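Visitor: Next input, structure requested:
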Amino acid sequence: MKHTLKSFFSFFLVLSMTLAQAQETTPKPKQEKTNPTEISKSKTSDDSQQIPDAPLTLVNLEPIVKKSDSIPVKTDRYGVRVGVDIYKLTRALYDKNYKGIELVGDYRLTKKYFLAAELGNENKTTDDDRVNFTTKGSYIKAGFDYNAYENWLDMENIISIGLRYGFSTFNQQLNSYKVYNSNPYFGEIPVIASGKKFDGLSASWIEVVAGVKAKVFDNVFMGFSLRLNRLITNKEPENFSNLYIPGFNRTYDGSFGVGFNYTVTYFVPIYKKKVKPAINIKTEKAK
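Guide: Predicted structure coming up:
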């Protein structure tokens, strides 16, 4: 037993010495020495490989002028428009006491103003309760129209207001009349036939005109107008009043009259003018 323990102690002693020797003989890893110059070079190379920052963009604070899209040049046509009053022509179909014709025309003077005229002839028999008479004569009117409508593109419609000076020469024929009886006890006085004629009559007036003309086909226009008349001069025969004046129509209160016409006209172009539209300039700041 004693020899056994001695052998174990000897074995452990030799083993411990061997392990200690092995630790001393194991090579330690060498630490590389870094040179400060190399460190600075490596930092410089790293910095050169970095992506440089993008330069700051300059902001223009001045307003930028931006023009609108181009608009095609508009062309205005200038010329003469001639036609007829179809109301007077067709009236003879249903009114046996009327025959008449009126020719109408205008000339475009500027963009908005038109020279206008009407020329006509009338033969009308007026049958009232107390008098029956026939008026025959001719008339002419001249003046201007102002177009208050702003057309789009190539439209040529007209909404106008204008002024006319009218002059008429005519004659009156008194066909029959009734004498007014203030005392109907003895009954009505029978109709008295006359046939007396008054020649060399004349009248002049001014009239305010409001009308519309619309283009329905190429160069063909249809329109109508309303007229308010005021007599300036009126040459009347003795013992008879001009109750109807050609071109002026029937008189009311002795000096006022109203009129109406419905026309079909044809436009004859003579020349054209180019109208350059105003260019709208928009200013906006850069964002």
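
Visitor: Sketch out the low-pLDDT regions of the stretch 1-150 of the chain for me.
Guide: Where the stretch 1-150 of the chain drops to pLDDT under 70, the residues are 1-72.

Visitor: would you list every one of the strands in it?
Guide: Along the stretch 1-150 of the chain, counting by DSSP state E, counting those that start in this stretch, strands occupy 64-67, 74-85, 98-108, 113-127, 131-147.

Visitor: Which positions within the longest one qualify as buried?
Guide: Across strand 131-147, burial judged by 16 or more other CB atoms under 10 Å covers 131-137, 139, 141, 143-145, 147. The way it works is simple: take the backbone N, C-alpha and C, and place the C-beta from them, glycine included.

Visitor: related to what we said a few turns ago, which among the strands of the stretch 1-150 of the chain is found nearest to V275?
Guide: strand 74-85 (4.6 Å; CB to CB).

Visitor: mind exporting the closest one as CSV, just the C-alpha atoms?
Guide: Output in CSV follows, covering the C-alpha atoms of strand 74-85 (Å, rounded to 0.1, in the frame of the first residue of the first chain):
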residue,chain,number,x,y,z
LYS,A,74,-59.1,85.1,-85.6
THR,A,75,-60.3,86.5,-88.9
ASP,A,76,-63.2,89.0,-89.2
ARG,A,77,-65.0,89.3,-92.5
TYR,A,78,-66.1,92.7,-93.8
GLY,A,79,-68.7,93.1,-96.4
VAL,A,80,-72.3,93.9,-97.4
ARG,A,81,-75.4,92.1,-96.1
VAL,A,82,-78.6,92.4,-98.2
GLY,A,83,-82.0,90.8,-97.8
VAL,A,84,-85.7,91.2,-97.5
ASP,A,85,-88.4,91.6,-94.9
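
Visitor: hmm, who's touching that strand?
Guide: Outside of strand 74-85, the residues within contact range by CB atoms under 8 Å, 6 or more residues apart in numbering are 101-108, 111, 118, 120, 153-154, 156, 221, 261-277.

Visitor: got it, and stretch 228-245?
Guide: 124, 126, 128, 131, 133, 135, 137, 139, 166, 168, 170, 172, 174, 198, 200-208, 248-251, 254-259.

Visitor: just the buried members of those?
Guide: For the contacts of stretch 228-245, buried by 16+ other CB under 10 Å: 124, 126, 131, 133, 135, 137, 139, 166, 168, 170, 172, 174, 198, 201-205, 207, 248-249, 251, 257, 259.
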